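Undergrad: can't give you the sequence, but here's the structure:
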Ligand code: SF4
Ligand code: SF4
């Protein structure tokens, strides 16, 4: 490949492993699962193409140029390719390490990358800083000024406004934990979930408590580190992983997660900490306790029950379906609700384009994928769109509002909580 811009050779220790790269046999079976390939039709925007770029760099036959960086940066890290691959290529790991190389020597966008790293380390990973940073957005989301301000916003600001949830109330705090039963269950609070999705956390705690769990929130828990790892900041992701392992080692019971991205990252702490002396066994013990909330409910046969008489479209979050392999548990919980009819939309398992920070750094591709979702919703006509991941939730709010659809967006546990409370109210009448 011709030299272009400032090239850089792989960063020792953080580059994709040759063994991972060589598992790809170029069969192409992953191509039609890949959202960026579906949109562009370009080989270099496919998993196979991106792996080939990494392999050429690994073999010193190409340099890490701005063009390579752009092809890697357009990857959503949705891992649909990993689920489709018959050869077991660990694409997620390859891509995280590819981005770690960019962290050390980005051919393009050095300042944007440094700013991103600063925000992820100093704001997202620090609860007080994040609470202060998100307070204005939370206030605006429920303010009466929002309707008027909407008329004045345009472009990216208008898109961001459409994605702000208005039904989440105040942030979640430990005092929100309800009294519960005997079995201890640890609620993972996360970063954005705790501040912007307080109602999803409260609904999760209510549903678990109603099923007999004693819901606790371990002190000292931190952000899961998924955003940092996806951005290639593996060193900081490891620091967060270690802090979480230490915090939850002092507790008992399953660690329940209601954000698909966080759950996937936490189940993969053993991979992240594989080279860290003294942490491998602790990471394995931690990961064995992690459960998505729908996975735990299904595993224990806990069915909160109740009535939710709507047409609902469940959308697979990539990190729930492709990484954790959880597709049926949420659908079964929804189907079991009285009156709930589940409508399947076209390609419900294709990424919506939210993908962590992706909608901010790749707005064009993100918008295209969001519009495809809006088209699918328009065709299926659901009254409620259900998802298990905060990024998807925000993206669907945008899709619904942009398309002028009369549909509500809810997290799976919000649906279960509403149904359960409707059922309880019915019994009391
Ligand atoms: S990643 Fe897997 S499915 Fe895709 S081309 Fe390589 S071997 Fe085939
Ligand atoms: S992670 Fe998603 S966007 Fe990236 S190559 Fe795989 S399927 Fe395509």
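TA: Yes, it's here. Not measured: the values here are computed from a predicted model. Ligands and ions are numbered 1, 2, ... in the order given.
Undergrad: How is the protein divided into domains?
TA: Residue ranges for the domains of the chain, per automatic domain parsing: 18-108, 301-428.
Undergrad: and the residue in the stretch 151-300 of the chain that ligand 2 sits nearest to, how many neighbours?
TA: Nearest to ligand 2, among the residues of the stretch 151-300 of the chain, is residue 230, at 10.2 Å (CB to the nearest ligand atom). Using the backbone N, CA and C atoms, a C-beta is placed for each residue, glycine as well. By other CB atoms under 10 Å, the residues close to residue 230 number 23.
Undergrad: is it true that residue 195 touches residue 170?
TA: No. Counting by CB atoms under 8 Å, residue 195 does not reach residue 170; the two are 9.6 Å apart.
Undergrad: who has more neighbours, those two?
TA: residue 195 (23 against 12).
Undergrad: that's a helix at that one, yeah?
TA: Yes. Judged by DSSP: H, G, I helix; E, B strand; the rest coil, residue 195 forms part of a helix.
Undergrad: Compute the distance between it and residue 306, please.
TA: Distance, residue 195 to residue 306, using CB to CB, to the nearest Å: 28 Å.
Undergrad: what about stretch 28-42 and ligand 2, any contact?
TA: Yes. Part of stretch 28-42 sits near ligand 2 under the criterion CB under 6 Å from any ligand atom, namely 33-36.
Undergrad: mind listing what whichever residue of the stretch 151-300 of the chain sits closest to ligand 1 touches?
TA: Residue of the stretch 151-300 of the chain nearest ligand 1, by CB to the nearest ligand atom: residue 271 (17.7 Å). Residues near residue 271 by CB atoms under 8 Å, 6 or more residues apart in numbering: residue 93.
Undergrad: The same query, at a cut-off of 10 Å, please.
TA: 90, 92-93, 96, 229, 265, 283, 287 (CB atoms under 10 Å, 6 or more residues apart in numbering).
Undergrad: next one: residue 50
TA: Taking CB under 10 Å, 6+ apart, we find residue 50 in contact with 24, 34, 36-37, 43-44, 68, 71-72, 74-75, 81, 91, 94-95, 98.
Undergrad: give me phi/psi at residue 382?
TA: phi -70, psi 150 (degrees, to the nearest 10).
Undergrad: Report the beta-bridge partners for the closest residue in space to it that isn't next to it in sequence.
TA: Closest residue in space to residue 382, ignoring its immediate chain neighbours: residue 313 at 3.6 Å, by CB to CB, 6 or more residues apart in numbering. Counting by DSSP bridges, residue 313 forms beta bridges with residue 385.
Undergrad: From residue 324, how far out is residue 313?
TA: To residue 324, residue 313 is 20 Å away according to CB to CB.
Undergrad: For the residues of stretch 28-42 next to ligand 2, work out which two are farthest apart.
TA: Spanning the widest gap among the residues of stretch 28-42 next to ligand 2 are 33 and 36, at 10.8 Å by CB to CB.
Undergrad: need the domains of the chain in a markdown table with mean pLDDT, can you?
TA: Shown next, in a markdown table, are the domains of the chain (pLDDT from 0 to 100):
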| stretch | mean pLDDT |
| --- | --- |
| domain 18-108 | 93 |
| domain 301-428 | 92 |
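Undergrad: for those, which one sits closest to residue 175?
TA: domain 301-428 (18.3 Å).
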